[in-house]
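# Quick one: sequence and predicted model below, then my questions.
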4 protein chains.
Amino acid sequence: MKDIQNQPDFRRINIKKVGVKNISYPITVLDKEKKTQKTVATFNMYVNLPHQFKGTHMSRFIEILNRIHGEINLKNFHLILTEMKTRLQAEAAHVEIEFPYFLKKTNSKVSGTVEYQCKMHGSLRDTDDLVLNVQVPIYPPSAVQQEKGGLPKSLGHWGVATVNVRFRHFIWIEDLIRMVESVTCHDLFWPGQTADLSRNNLEVETLCDALGVKFKSSNDIKWFSLEVKNFSEGCNTFASMEWAQNQAEAHPSLV
Amino acid sequence: MKDIQNQPDFRRINIKKVGVKNISYPITVLDKEKKTQKTVATFNMYVNLPHQFKGTHMSRFIEILNRIHGEINLKNFHLILTEMKTRLQAEAAHVEIEFPYFLKKTNSKVSGTVEYQCKMHGSLRDTDDLVLNVQVPIYPPSAVQQEKGGLPKSLGHWGVATVNVRFRHFIWIEDLIRMVESVTCHDLFWPGQTADLSRNNLEVETLCDALGVKFKSSNDIKWFSLEVKNFSEGCNTFASMEWAQNQAEAHPSLV
Amino acid sequence: MKDIQNQPDFRRINIKKVGVKNISYPITVLDKEKKTQKTVATFNMYVNLPHQFKGTHMSRFIEILNRIHGEINLKNFHLILTEMKTRLQAEAAHVEIEFPYFLKKTNSKVSGTVEYQCKMHGSLRDTDDLVLNVQVPIYPPSAVQQEKGGLPKSLGHWGVATVNVRFRHFIWIEDLIRMVESVTCHDLFWPGQTADLSRNNLEVETLCDALGVKFKSSNDIKWFSLEVKNFSEGCNTFASMEWAQNQAEAHPSLV
Amino acid sequence: MKDIQNQPDFRRINIKKVGVKNISYPITVLDKEKKTQKTVATFNMYVNLPHQFKGTHMSRFIEILNRIHGEINLKNFHLILTEMKTRLQAEAAHVEIEFPYFLKKTNSKVSGTVEYQCKMHGSLRDTDDLVLNVQVPIYPPSAVQQEKGGLPKSLGHWGVATVNVRFRHFIWIEDLIRMVESVTCHDLFWPGQTADLSRNNLEVETLCDALGVKFKSSNDIKWFSLEVKNFSEGCNTFASMEWAQNQAEAHPSLV
């Protein structure tokens, strides 16, 4: 007898997805310091339907999106997903948004606003699932004391760390960025700042491992994947890893 | 004797430009209906300097930008340009910004928010100069009466009209968009809407000419250039033109 | 007792990946008519390693890549993957390449060369796995008989069909493109070509289903996924599906 | 009496341009070492026409392009431009191509193939004009002696130098790249290579000036413009300059 329990993926093969993509929309996201922040997002919204289902009403996605007036928070994410699943009689509903998030920084390197690309992928099958993605650019610390009135000399763009997390307790985007930067801006990785360049031994693997240690130690995070990429001449090198607090979290409901 | 008057371009050859590029920044722009609209812009700021000038203080650009808190209007544009020219002892100052502008549309094709890419290039040599640029995507009107609840069938993305204007009197971005769409959405160009497709004879040249007629008739515009592009298989076809109300406007102060 | 069989994904969580990305490289691919075709590719090469593994020699990827001199075929793909897995002592090896493929077309719409974006993702865990991806742009047939010497009037860019296949028997890229275009260029979907536009009822779901029927009927294909996207004002609509000839094919060895 | 000599630009205002854009095409370019190199280009082809001119035959551009079979050299550029100008009865003809050019490098930083983005803009009014554009990425030299078998540690992507030249005598693309890299890779600018980082004082203005000195000293170049850009956190800084051997060269025939 065929054991249907062992065929989870094959069942999912018989699913089709329909929806809308690349909807540009002004949004308001949560901001730890200023409470909210206005930015601009790109939305994808789609549902999983059985193969025999025909004639999805595409305009419903837009109607449902219009209802939250661009206010992005956990409650509204759940609201949209539930309504998509119900009104479109779907097995699962998905909302993906991508937006630049702005953080005011006043360190030795920059004065002003720095942009971080963020993504959220919310889905609802039986329960809600949310993956938050942040890209944190990595710049070596400036070597030279800045002159009066001048920008410090830049050593260029070293690379980028990309982090995906599923959280147990709510995490502010800026706290996630700061977790990454507490590692990528650390003296350990930029010995050139205080010593000579010949001791510089930063590598994608070392940095990826150090970020892994940092994220595993957080009680708020139940799953993460991360990638560290270095811009090198002729190619980019990268190292990536994935981690789950326990087995259950390693089987996300996303398809 | 050498007539220095006749060598305007050669003199400009001995100019260097310095500045900052690709600064991402949340901004507020003027909106005809809602008074203001929040969006996200990319800034370029630079000055023309004599070749012998050394050691521009790059951080001043950021300081000057921070002062207007992202409020984009004609007064603030002038303010930034004047301050850049003065503080950096420059011959000319330039600010370029690029941003998506959102317009609510509720026609037969879309319900909701439509994005238009806009650019502004402000410069100050002896007098201010401002060029406003808008990209207006062109979609054929949907041929089929939409079913209850369904999006109308889309005929795809025909192309894009790009317009640059210098105005005599202030023009709202939405009025500029509507000027373009009053031509590109006209029945004349989309006979398929009411008749059969075989009468469809839309061409980039015809559409470019029709837009030219429209823009020449406006009292608010003293100079414009425009391009109409059609997405065709294997290549895009395009037609473009430039027009100035009088000779003086044909010599913009931009370098 | 813990059933290790039921924990395939969790075991994979403890894997890290290291490698190189975005290597631009001139390549030679197989061409049905001309035997080979020169083009330019972007390579990603990476391996799955146990977490404790340190200090991957990134330059080995480049050395291995250089060895095949850009000659892309099934034999060389296997060669690279085997060498990557062996020399880097990896659990799995991956090569992804992305390139434009050129096809000469002389139909009513275009005379000349048309570009199709292609991707290959080859991987080796215990056995080889290869996924071939092709993007086929969809243009409505031109409605107007072309004048002597003129390009036919273009109705614009309707959308794009993206197909991923795992094949049982080798398939030429041009045959895959023709399979798609035999559906997307069919009269059924473009009644406007011979009749009036009001009968045009092309939808992403209808087209996706029709492509699904076509691909299921091929003996050469054991798995496929496909997506049909339509460029509409304000958003793109899409429908996608996935299919496997049998259950085993639904569990690819890719991570 | 109106002095027509003083109205050169206004006359040009009454010109329209028509043509084709974004044609992707496999090409063969000249290569100093290997004689020729296969790559992939994007073509724009267009002509300046009087405003009253109607109904350009767009397909002629493609026909003319097909005739040279992708063989890019000075003779063929002249051939295409002449044919475009004649067959389309145009005042001026333009061909723009953009392509990646590959150079084999075996220095301490890379082993293998490095990509450089190149552009050519050829135009024909009364005489031929050709501008060659090359983008040369700037990477700091690796600080650490590479281990056996390992890639040297990368300090990231500092920035990019973009050079446009009109030449008096033919210049190989690789010679142009080497002229740039003889400056951007020089010890003077990367003292960190031999000394400590605190002496690093690389700036876009210094580097731009040094490149200017280099290019002015070449007998083969009659005009150039160049830009040096540095990737810094929050913004890119840049410096640019333009230079002509004499006044006549400062009035190129391009519109």
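Received the coordinates, thanks.
# Does A:Ala210 lie in a helix or a strand, and which?
Per DSSP states H and E, A:Ala210 falls inside helix A:204-216.
# could you say what helices and strands that helix packs with?
Helix A:204-216 is packed against strand A:159-167, helix A:173-184, strand A:221-232, strand A:235-244, strand C:15-31, with contacts defined by 3 or more C-beta pairs under 8 Å, 6 or more residues apart in numbering or on different chains; DSSP states H and E. Every C-beta, even on glycine, is put in place using the N, C-alpha and C of the backbone.
# Could you dump these into JSON lines with mean neighbour count, mean pLDDT and distance to C:Thr86 added?
What follows is these, written out as JSON lines (neighbours: other C-beta atoms under 10 Å in any protein chain shown; pLDDT from 0 to 100; distance: least, C-beta to C-beta, whole Å):
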{"stretch": "strand A:159-167", "mean neighbour count": "20", "mean pLDDT": "96", "distance to C:Thr86": "28"}
{"stretch": "helix A:173-184", "mean neighbour count": "19", "mean pLDDT": "94", "distance to C:Thr86": "33"}
{"stretch": "strand A:221-232", "mean neighbour count": "24", "mean pLDDT": "94", "distance to C:Thr86": "24"}
{"stretch": "strand A:235-244", "mean neighbour count": "22", "mean pLDDT": "92", "distance to C:Thr86": "20"}
{"stretch": "strand C:15-31", "mean neighbour count": "21", "mean pLDDT": "93", "distance to C:Thr86": "15"}
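# Including distance to D:Val180, could the ones you listed go into CSV?
Shown next, in CSV, are the helices and strands packed on helix A:204-216 (distance: least, C-beta to C-beta, whole Å):
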stretch, distance to D:Val180
strand A:159-167, 24
helix A:173-184, 31
strand A:221-232, 19
strand A:235-244, 21
strand C:15-31, 19
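# what's A:Tyr116 in contact with, if anything?
By C-beta atoms under 8 Å, 6 or more residues apart in numbering or on different chains, A:Tyr116 lies in contact with A:100-103, A:134-137, A:173, A:177.
# separation between the nearest residue to A:Ala210 once chain neighbours are set aside and A:Ala161?
Of all residues beyond its chain neighbours, the one nearest A:Ala210 is A:Val183 (5.1 Å), with distances taken as C-beta to C-beta, 6 or more residues apart in numbering or on different chains. As judged by C-beta to C-beta, to the nearest Å, A:Val183 and A:Ala161 stand 8 Å apart.
# Now do the shared contacts for those two.
Here A:Val183 and A:Ala161 share the contacting residues A:207, A:211, scored by C-beta under 8 Å, 6+ apart.
# so does stretch A:81-91 get close to chain B?
No. Contact of stretch A:81-91 with chain B (C-beta under 8 Å from any C-beta of the partner chain) is absent, the minimum separation being 9.9 Å.
# In that stretch, which residues are buried?
For stretch A:81-91, the neighbour count (16 or more other C-beta atoms under 10 Å in any protein chain shown) marks A:81, A:83-85, A:87-88, A:90-91 as buried.
# Could you single out the nearest of those residues to B:Met45?
Using C-beta to C-beta, A:Leu81 is the member of the buried residues of stretch A:81-91 that lies nearest B:Met45, at 41.9 Å.
# who's in contact with A:Ile23?
A:Ile23 neighbours (C-beta under 8 Å, 6+ apart): A:42-45, A:62, A:65, B:112-113, C:234-235.
# please redo it, this time with the cut-off set to 7 Å
For A:Ile23, the contact set (C-beta atoms under 7 Å, 6 or more residues apart in numbering or on different chains) comprises A:42-43, A:65, C:234-235.
# Test my guess that A:Leu211 contacts A:Val183.
Yes. A:Leu211 lies in contact with A:Val183 (C-beta atoms under 7 Å); the separation is 5.1 Å.
# what residues are up against the nearest residue to A:Lys104 once chain neighbours are set aside?
Residue nearest to A:Lys104 in three dimensions, not counting chain neighbours: A:Thr113, with 5.9 Å by C-beta to C-beta, 6+ apart. Counting by C-beta under 7 Å, 6+ apart, A:Thr113 touches A:102, A:104, B:25, D:234.
# Is it correct that A:Ser154 is in contact with D:Cys235?
No. Applying C-beta under 7 Å, one finds A:Ser154 not in contact with D:Cys235, separated by 9.5 Å.
# which neighbours do these two share?
Common neighbours of A:Ser154 and D:Cys235 are not found (criterion: C-beta under 7 Å, 6+ apart).
# nearest spatial neighbour of A:Glu205, skipping sequence neighbours?
A:Glu205's closest residue in space is A:Ala239 (C-beta to C-beta, 6+ apart), at 4.5 Å.
# about what we covered before: tell me if the residue nearest to A:Lys104 really is in a strand.
Yes. Judged by DSSP: H, G, I helix; E, B strand; the rest coil, A:Thr113 forms part of a strand.
# so what pLDDT did it get?
With respect to pLDDT, A:Thr113 scores 86.
# Check the stretch 51-200 of chain A for the residue nearest chain C and tell me.
Residue nearest to chain C within the stretch 51-200 of chain A (C-beta to the nearest C-beta): A:Met58, separated by 4.9 Å.
# Show me the shaky parts of chain A.
Flagging of chain A using pLDDT under 70 yields the residue ranges A:1-14, A:51-55, A:107-111, A:141-153, A:187-202, A:247-255.
# Find the centremost residue of it, please.
Geometric centre of chain A, nearest residue: A:Asn133, 0.4 Å, by C-alpha atoms, centre = their mean.
# re earlier: show the contacting residues for the residue nearest to A:Glu205.
Neighbour list for A:Ala239: A:204-205, A:208, A:228, C:16, C:18 [criterion: C-beta under 7 Å, 6+ apart].
# What is the burial count for A:Arg67?
By the measure other C-beta atoms under 10 Å in any protein chain shown, the count of residues near A:Arg67 is 12.
# Please report phi then psi for it.
A:Arg67 adopts backbone torsions of phi -60, psi -30, taken as degrees, to the nearest 10.
# in which helix or strand would I find the closest residue to A:Ala90 other than its chain neighbours?
Once flanking residues are discounted, A:Ala90 sits nearest to A:Val47: 3.5 Å by C-beta to C-beta, 6+ apart. Secondary structure assignment for A:Val47, by DSSP H and E: strand A:35-50.
# Tell me the buried residues in that strand?
For strand A:35-50, the neighbour count (16+ other C-beta under 10 Å) marks A:37-49 as buried.
# angle of it against helix C:204-216?
Our comparison of strand A:35-50 with helix C:204-216, counting by axes from the mean of the first three to the mean of the last three C-alpha atoms, to 10 degrees, yields an angle of 50 degrees.
# For strand A:35-50, which strands pair with it and how are they oriented?
Strand A:35-50 has the following strand partners under DSSP bridges: strand A:15-31 (antiparallel), strand A:92-106 (antiparallel).
# want to throw these into TSV with distance to B:Leu30?
As requested, those are exported to TSV (distance: least, C-beta to C-beta, whole Å):
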stretch	distance to B:Leu30
strand A:15-31	15
strand A:92-106	21
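# right, so of those strands, which gets closest to C:Asp126?
strand A:15-31 (27.6 Å).
# The closest one to strand C:221-232, inter-axis angle?
Using the same axes, to 10 degrees: strand A:15-31 against strand C:221-232 is 50 degrees.
# Now do strand A:15-31: distance to the chain's middle.
Put simply, strand A:15-31 sits 15 Å off its chain's centre (C-alpha atoms, centre = their mean, to the nearest Å).
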